[in-house]
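Chemist: next one to model:
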Amino acid sequence: MLADPDDMERELDAVVDSGARWVRLDVDRSQIEGTRGSDDGDHVDRVVDAARERDIKVLALLACTPAWARPAALRDAGTDADDREDNVGLLRRDVAPEPAFHRLRALLG
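Modeler: Next up is the predicted model:
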């Protein structure tokens with residue numbers, strides 16, 4: 001939905017025609033905040049605005065944490081069970097909302 005404005009318009013019109021009132025929008029955080037504090041989310045704004053114009057609510061799912069936002073130990077973490085347990089502990093201790101979360105919260109009100 002984010003790639004081409006014409007496709008986005010057609011897809012949102014199809015949502016309206018279907019009677020649906022919600023769309024799911026997967027947002028790649030590493031694309032909107034590739035470096036700490038950067039803000040390149042105009043493509044997300046465009047979708048949210050177009051959906052609102054049609055009275056469609058947006059469920060935005062923020063994914064793909066940029067490398068700079070991950071604890072160093074998770075950047076090259078292994079995949080065995082011990083590593084996964086260590087990673088969960090690091091996430092609980094070190095990961096907190098960053099600017100992209102605040103941006104989505106403000107956009108979606």
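
Chemist: output the lowest mean pLDDT helix or strand found in this structure.
Modeler: helix 81-94 (a mean of 50; mean pLDDT, DSSP states H and E).

Chemist: where along the protein do the helices fall?
Modeler: Per DSSP state H, the chain carries helices over the ranges 5-18, 29-32, 42-53, 72-75, 81-94, 99-108.

Chemist: what's the least confident stretch among these?
Modeler: Of all these, mean pLDDT reaches its minimum on helix 81-94 (a mean of 50).

Chemist: skipping adjacent residues, who's closest to residue 28 in space?
Modeler: residue 64 (4.5 Å; CB to CB, 6 or more residues apart in numbering). Glycine gets a C-beta too; all of them are placed from N, C-alpha and C.

Chemist: right, and that neighbour touches residue 33 too?
Modeler: No: Residue 64 is not in contact with residue 33 according to CB atoms under 8 Å; the separation is 10.1 Å.

Chemist: circling back to that earlier point, what's the neighbour count on the residue nearest to residue 28?
Modeler: Close neighbours of residue 64, defined as other CB atoms under 10 Å, add up to 11.

Chemist: residue 26 too?
Modeler: Number of residues near residue 26 (other CB under 10 Å) recorded here: 12.

Chemist: quick one: pLDDT of it?
Modeler: With respect to pLDDT, residue 26 has a value of 89.

Chemist: what's opposite it in the beta bridge?
Modeler: With DSSP bridges applied, the residues forming beta bridges to residue 26 are residue 61.

Chemist: that one and residue 72, how far apart?
Modeler: Counting by CB to CB, to the nearest Å, the separation of residue 26 from residue 72 is 26 Å.

Chemist: need the contact list for the residue nearest to residue 28.
Modeler: With contact taken as CB atoms under 8 Å, 6 or more residues apart in numbering, residue 64 is in contact with 28, 29, 30, 31.

Chemist: just the buried ones from these?
Modeler: Buried positions within the contacts of residue 64, assessed by neighbour count (16 or more other CB atoms under 10 Å), are 28, 29.

Chemist: farthest-separated two in the contacts of residue 64?
Modeler: The two members of the contacts of residue 64 with the most space between them (CB to CB) are 29 and 31, at 7.2 Å.
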